[in-house]
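1. After the sequence you'll find the predicted model.
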Amino acid sequence: TRGATMTPLLARGRPLLRGLHTPLPALRARAYSIAGGPTTPPVNLGALVVPQQSVFVVERLGKFSRVLQAGLHFLPPVVDRVAYVHSLKEEAISVPSQTAITKDNVSITIDGIIYVRVTDPYLASYGVEDAHYAVTQLAQTTMRSELGKMSLDRTFQDRELLNASIVASINAAAEPWGIQCMRYEIRDIVPPRAVRAAMELEAEAERRKRAAILDSEGERAAAVNAAEARKTATILASEARRRERINLAQAEAEATRAQAEAAAAALGSVGAAIGR
């Protein structure tokens, strides 16, 4: 009777014994991903292998006990259990497109990508229920708030300033959750069709204005160059005339000097002949 009673107990205990002898690689678990949501924590069978850049949050009898870093850990079954698994890697979360109103009352559609990572596994486990949903909603509300402070033109010109403002606002609100926003990038800004048409007309007018300015500057430069050329030609012509007059005067002086010298020589010859 005793043997018959022990046989069912041993049969029920065999799965547990096989689980305790499970190879260590089989005990690995996928890390918690903020972008992908929580995964099922591994079952504590006495030994756990925590992957690199991952942490396991352990509870003892329903109360927080400790955080396990990467490596091999031995835990007493039943008493300790892995409640949360987090990845310490930086992850990208796509923020869905939404409609926001700028300071100048223009309705635009905007979306982006937020890059976050877990800095405090304890707060990430017990400070927020769903980190993915909380960060996404916080990014959307912060984006709408920041866009309401800027005009439509500034949203295109000061995109880096807008990204920095959103990151600062998200970090201030997400600090109790143990999550840090590394950066935020606006992916696309789509204004209404009428606004796009007006912007295209404005851009076309601006291009025509720049073309007209360039044409007028070219005409002015051509006129200045022509005037400079005429001035230079006049100066050169007057310089040539002055040099010509000087040369003529010098030639006349030389001729007069030669005539005087010839006359003097002739008079000298005549006087010498008379004296004899």
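-> Yes, it's here. A quick note: this is a predicted structure, and the numbers were derived from the prediction, not measured.
2. From here on, just use CA atoms for contacts and neighbour counts.
-> Noted.
3. Could I get the contacting residues of residue 78?
-> residue 44 (CA atoms under 8 Å, 6 or more residues apart in numbering).
4. what does residue 52 give?
-> 70, 71.
5. Over to it: give its phi and psi.
-> For residue 52, the backbone dihedrals are phi -60, psi 140 (criterion: degrees, to the nearest 10).
6. Tell me the spacing between it and residue 120.
-> From residue 52 across to residue 120, the span is 16 Å (CA to CA, to the nearest Å).
7. residue boundaries of the strands in this structure?
-> 47-50, 54-60, 63-68, 71-74, 80-87, 91-101, 107-118, 179-190 (DSSP state E).
8. Please identify the most buried of the ones you listed.
-> Ranked by mean neighbour count, the strands of the chain are led by strand 80-87 with a mean of 23 (mean count of other CA atoms under 10 Å).
9. looking at this structure, which helix or strand is least sure?
-> Every helix and strand of the chain was ranked by mean pLDDT, DSSP states H and E. The lowest is helix 2-20, at a mean of 41.
10. mind showing which ranges of this structure have poor pLDDT?
-> Along the chain, segments meeting pLDDT under 70 span 1-39, 196, 198-199, 275-276.
11. Residue 69 contacts residue 58, correct?
-> No: Residue 69 is beyond contact range of residue 58, at 10.9 Å (criterion: CA atoms under 8 Å).
12. For the strands of the chain, give me CSV that also has distance to residue 213.
-> Shown next, in CSV, are these (distance: least, CA to CA, whole Å):
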stretch, distance to residue 213
strand 47-50, 68
strand 54-60, 61
strand 63-68, 68
strand 71-74, 69
strand 80-87, 58
strand 91-101, 36
strand 107-118, 33
strand 179-190, 31
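13. what's the closest of those to residue 226?
-> Of all the strands of the chain, strand 179-190 sits nearest to residue 226, with 49.8 Å by CA to CA.
14. Report the distance from that closest one to the chain centre.
-> 10 Å (CA atoms, centre = their mean, to the nearest Å).
15. What strands line up against it, and which way round?
-> Take DSSP bridges as the rule and strand 179-190 pairs in its sheet with strand 107-118 (antiparallel).
16. Just the C-alpha atoms of the partner strand, please, in PDB.
-> Extracted in PDB, the C-alpha atoms of strand 107-118 (Å, rounded to 0.1, in the frame of the first residue of the first chain):
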ATOM      1  CA  SER A 107      -3.400  72.700 -37.700                       C
ATOM      2  CA  ILE A 108      -0.500  70.400 -38.700                       C
ATOM      3  CA  THR A 109       0.100  66.600 -38.600                       C
ATOM      4  CA  ILE A 110       3.400  65.600 -37.000                       C
ATOM      5  CA  ASP A 111       5.100  62.400 -36.000                       C
ATOM      6  CA  GLY A 112       8.500  61.400 -34.600                       C
ATOM      7  CA  ILE A 113      10.800  58.900 -33.000                       C
ATOM      8  CA  ILE A 114      11.900  58.900 -29.300                       C
ATOM      9  CA  TYR A 115      15.000  57.200 -28.000                       C
ATOM     10  CA  VAL A 116      14.800  56.000 -24.400                       C
ATOM     11  CA  ARG A 117      16.600  53.700 -22.000                       C
ATOM     12  CA  VAL A 118      16.000  52.300 -18.500                       C
END
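17. Go ahead and name everything in contact with that strand.
-> Strand 107-118 has contacts (CA under 8 Å, 6+ apart) with 34, 86-102, 124, 139, 178-192.
18. try 6 Å this time
-> 88-101, 178-191 (CA atoms under 6 Å, 6 or more residues apart in numbering).
19. now do stretch 65-72
-> Counting by CA under 6 Å, 6+ apart, 48, 49, 50, 51, 52, 55, 56, 57, 58, 59 sit against stretch 65-72.
20. what distance separates the start and the end of it?
-> Terminal residues of stretch 65-72 lie 17 Å apart, using CA to CA.
21. Off-centre distance for it?
-> 36 Å.
22. before we move on, what about stretch 100-113?
-> Offset of stretch 100-113 from its chain centre (CA atoms, centre = their mean): 19 Å.
23. do stretch 229-238 as well
-> The answer for stretch 229-238 is 57 Å, by CA atoms, centre = their mean.
24. likewise stretch 142-154?
-> Its chain's C-alpha centre lies 18 Å from the corresponding centre of stretch 142-154 when counted by CA atoms, centre = their mean.
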